[in-house]
Structures are given as C-alpha cells and as structure tokens.
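In: mind looking at a prediction? Sequence and model below.
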Amino acid sequence: DQQVKQNSPSLSVQEGRISILNCDYTNSMFDYFLWYKKYPAEGPTFLISISSIKDKNEDGRFTVFLNKSAKHLSLHIVPSQPGDSAVYFCAASASGTYKYIFGTGTRLKVLA
Amino acid sequence: EADIYQTPRYLVIGTGKKITLECSQTMGHDKMYWYQQDPGMELHLIHYSYGVNSTEKGDLSSESTVSRIRTEHFPLTLESARPSHTSQYLCASSGYRGGYTFGSGTRLTVV
C-alpha cells in the first residue's frame, strides 16, 4: 500500500514555462514533506520542504504548495530550465519519526 | 563537495559472494539510513540507525545487515549476493528533521 504517490511517471515542459509536479499521500499523520531531485547514477539532492503548518513555501524558482484537506502537494518550477531535467521525488514523514516515505518519482524533461 | 560518501559507486559481483557497501559521513549526524531503489520505483527504506549500536530494519524486507559501531560509519553487508539483490543502494544521514543528505549511491549488479 503506497502511502506517497506520484501518479505521473513523466512530464515534458518547454524551457521557460512552468513545471508542475504532483504528489498525493494517504497517511493523515504526515506533517512534513520534502522534494528531492535525482540525476541518473547520483544520490537525490534536497530541493525544498514544507511543514503542515504552512500551505506554501518558496525558494527561488521552486515553490511547494500543500493542500492538507486533499492530502496533496505540488512542486512548481518557474521558469523551467533544461538543467532541471531529472527525476523528482516527494517524501513525507510523521511527527515523532525520522523516517521518510518516498513516492515513485516523476521524470521531468525540459525541452530547449 | 560531498559530506556523505559511498563506496564503491559501481560493483559487479558473482552470485554467492559476500559484499560490504561502505557509507561514511562527516557531519556528525546521529541518524543514518539505507534505501534501495530499483529503476522507476520508489526509494524503499531497508535499514536505519538513530545512533551508535542502534540499528533497525526498515519497511522493505532485506537480506542485508548493517552495523553502527561509529557515528560516522554505517556499512551494509550482503553475506551471499544473489541476482535479486541487483539494485541501487543509497545511504543517507540526518541530524535534524529537515531532511536527509544522500550519498551518490552504489549501483550493484549480481551476475
């Protein structure tokens, strides 16, 4: 039973446009969420996080939105750049734990 | 520059061999983790440690074992490698709840 789901395995976006990556979760105990970016043959690198006390967090071109009632979060990348082409994972954890549950990832391709 | 190191990056080994995947971090983090990822699949937690002499099995059953004798070192061992162990193994550490720092991973192929 997947607690964190990324239903779009891949996404293609034109350079300069917005990329929107989605993530759904089922466990209402999750209250901290992360997005990671992963290039082939490398470990994931941390992008941005959000706590359940917020509904939005922004860092440069990256913004994460959290809709707790829908158990849904999304990562917006504006403007998208070819270097953003990678696999993006969302991850969630519950208060009192230090373990993160990861989604299956979405492969983003930004076309020049 | 990486603060968490995994060796080797790539390993091809025969069935039945014993292997140890190394993971070391220089950040003084208490918490360390091993994840396994198959292509196109999610990262599965297979082992974690919240400190020296503390190890726990993760959500995905694994035939591997780990040890945590020193804070900075968290090796993973497979006593007898099998083709089903072919995967990417990612080590991570965390000193606070803000997230993990991952190593570059070890891509293991068992032939």
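Out: Looks like it came in fine. Keep in mind the model is a prediction, meaning the values are calculated, not measured.

In: please make it C-alpha for all contacts and neighbour counts, starting now.
Out: Fine.

In: OK, contacts around the residue nearest the centre of chain B?
Out: Here the mean C-alpha position of chain B is nearest to the C-alpha of B:Trp34 (C-alpha atoms, centre = their mean), at a distance of 3.5 Å. With contacts defined as C-alpha atoms under 8 Å, 6 or more residues apart in numbering or on different chains, the neighbours of B:Trp34 are B:Leu45, B:Ile46, B:His47, B:Tyr48, B:Leu76, B:Tyr89, B:Leu90, B:Cys91, B:Ala92.

In: rebuild the residues you listed as a markdown table, extending it with neighbour count, distance to chain A and pLDDT.
Out: As requested, those are arranged in a markdown table below (neighbours: other C-alpha atoms under 10 Å in any protein chain shown; distance: C-alpha to the nearest C-alpha, whole Å; pLDDT from 0 to 100):
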| residue | neighbour count | distance to chain A | pLDDT |
| --- | --- | --- | --- |
| B:Leu45 | 24 | 8 | 91 |
| B:Ile46 | 21 | 11 | 93 |
| B:His47 | 25 | 10 | 95 |
| B:Tyr48 | 26 | 8 | 94 |
| B:Leu76 | 20 | 17 | 97 |
| B:Tyr89 | 26 | 9 | 96 |
| B:Leu90 | 25 | 7 | 95 |
| B:Cys91 | 31 | 8 | 96 |
| B:Ala92 | 27 | 9 | 94 |
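
In: just the pLDDT at B:Glu1, thanks.
Out: Predicted confidence (pLDDT) at B:Glu1: the value is 54.

In: before we move on, what about A:Asn27?
Out: Confidence per residue is given as pLDDT, and for A:Asn27 that number is 93.

In: sec struct for it, please.
Out: Recorded secondary structure, A:Asn27: coil (DSSP: H, G, I helix; E, B strand; the rest coil).

In: skipping its backbone neighbours, what lies nearest it in space?
Out: Closest residue to A:Asn27 apart from its sequence neighbours, by C-alpha to C-alpha, 6 or more residues apart in numbering or on different chains: A:Gln3 at 6.2 Å.

In: from chain B, how far out is A:Phe89?
Out: Separation of A:Phe89 from chain B (C-alpha to the nearest C-alpha, to the nearest Å): 8 Å.

In: export the helix or strand containing that residue as CSV, just CAs?
Out: When secondary structure is defined using DSSP states H and E, the element that contains A:Phe89 is strand A:86-94. These are the backbone C-alpha positions of strand A:86-94, laid out as CSV (Å, rounded to 0.1, in the frame of the first residue of the first chain):
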residue,chain,number,x,y,z
ALA,A,86,15.8,15.0,-13.6
VAL,A,87,13.6,12.7,-11.6
TYR,A,88,11.8,14.4,-8.7
PHE,A,89,10.7,12.6,-5.6
CYS,A,90,8.3,13.8,-2.9
ALA,A,91,8.8,12.4,0.6
ALA,A,92,6.7,12.6,3.7
SER,A,93,7.2,11.9,7.4
ALA,A,94,5.1,11.9,10.5
